[in-house]
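> show me how the following folds:
(chains A and B)
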Amino acid sequence: EPEVTQTPSHQVTQMGQEVILRCVPISNHLYFYWYRQILGQKVEFLVSFYNNEISEKSEIFDDQFSVERPDGSNFTLKIRSTKLEDSAMYFCASSEGTISGELFFGEGSRLTVL
Amino acid sequence: QKEVEQDPGPLSVPEGAIVSLNCTYSNSAFQYFMWYRQYSRKGPELLMYTYSSGNKEDGRFTAQVDKSSKYISLFIRDSQPSDSATYLCAMSAGGSQGNLIFGKGTKLSVKP
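This next block holds a predicted model:
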């Protein structure tokens, strides 16, 4: 069964460092997303991406965040200068079309900022 | 008022019980309603998807949406220990591509 894969599964970094989280969406999917879940809190939307550009972003997705699809398979989230409050589980998701909600999530990348 | 409210539990039931999980919401623009299951340290897995009001059944799972009351439910019949997980409701107004608003999740434990 096709799945969304994410790397790394866990990354520990020092405050102020840059981090890149990687995702390989399901191959025939056209819409890509990043969500995050701070421990004990809700899953929160960060950004959606379609046709090589951001289609929507939340207030959380400020200038320190960026996304990129550097090739035909990868989708990345970059955090330019990490803060302690960026510590969270980051989930990549993808969907085939425009039907809201039928998102397929990866298993997540746990980011710990020290 | 929070946009999506969900009782975090935990909820513990014996095997075979009927489980009822619920969410309330405040945004009347929501049209798409989902239930996701999340096992520990895993990503959310889509269980049920409903558009607008009504019921939807899939095996042991039934999703209900009452837009007039801004209330959605998930029922699990003949619950199994393998159903033990956190259940997340999520919803969207549509239009934007996948901007889901999640509830906090209800942790369910089904005891053998």
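> leaving out sequence neighbours, find the closest residue to residue B:42.
residue A:107 (5.4 Å; C-beta to C-beta, 6 or more residues apart in numbering or on different chains). (Glycine included, C-beta is placed from N, CA and C.)
> again, but for residue B:55
If you skip the residues right next to it in sequence, residue B:55 has residue B:64 as its closest partner in space, 5.1 Å away by C-beta to C-beta, 6+ apart.
> residues contacting that neighbour?
Residue B:64 is in contact with B:54, B:55, B:72, B:73, B:74, B:75, counting by C-beta atoms under 8 Å, 6 or more residues apart in numbering or on different chains.
> how about residue B:54?
Applying C-beta under 8 Å, 6+ apart to residue B:54 gives the contacts B:64, B:65.
> how much space separates it from chain A?
Taken as C-beta to the nearest C-beta, to the nearest Å, the spacing of residue B:54 relative to chain A amounts to 15 Å.
> and chain B, is stretch A:62-82 touching that?
No. Contact between stretch A:62-82 and chain B is absent, the nearest approach being 13.3 Å (criterion: C-beta under 8 Å from any C-beta of the partner chain).
> enumerate every residue touching the most centrally placed residue in chain A.
Note on chain A: the residue nearest the mean C-alpha position is residue A:34, at 3.1 Å, using C-alpha atoms, centre = their mean. Neighbouring residues of residue A:34 by C-beta under 8 Å, 6+ apart: A:21, A:23, A:46, A:47, A:67, A:77, A:90, A:91, A:92, A:93.
> among those, which one sits closest to residue A:13?
Sorting the contacts of residue A:34 by how near they are to residue A:13, with C-beta to C-beta, puts residue A:21 at the top with 10.9 Å.
> so what touches the helix or strand containing the closest one?
Using DSSP states H and E, residue A:21 sits in strand A:19-24. Residues outside strand A:19-24 that contact it (C-beta under 8 Å, 6+ apart): A:4-8, A:11, A:13, A:32, A:34, A:73-79, A:82, A:86, A:90, A:92, A:106, A:109, A:111.
> which neighbours does it have in its sheet, and in what orientation?
According to DSSP bridges, strand A:19-24 has the following sheet partners: strand A:5-7 (antiparallel), strand A:75-79 (antiparallel).
> hey, which of those is tucked in deepest?
Neighbour counts (mean count of other C-beta atoms under 10 Å in any protein chain shown) averaged over each of those peak at strand A:75-79, with a mean of 19.
> please see if the worst-scoring helix or strand of chain B on mean pLDDT touches chain A.
For chain B, scoring each helix and strand by mean pLDDT, DSSP states H and E identifies strand B:45-51 as the least confident one, at a mean of 90. Yes. Using C-beta under 8 Å from any C-beta, we find that strand B:45-51 touches chain A at B:45, B:46, B:49.
> returning to what we had before: neighbouring strands for the helix or strand containing the residue nearest to the centre of chain A, and are they parallel or not?
Residue A:34 is part of strand A:31-37, with elements assigned from DSSP H and E. The pairing partners recorded for strand A:31-37 under DSSP bridges are strand A:43-50 (antiparallel), strand A:88-95 (antiparallel).
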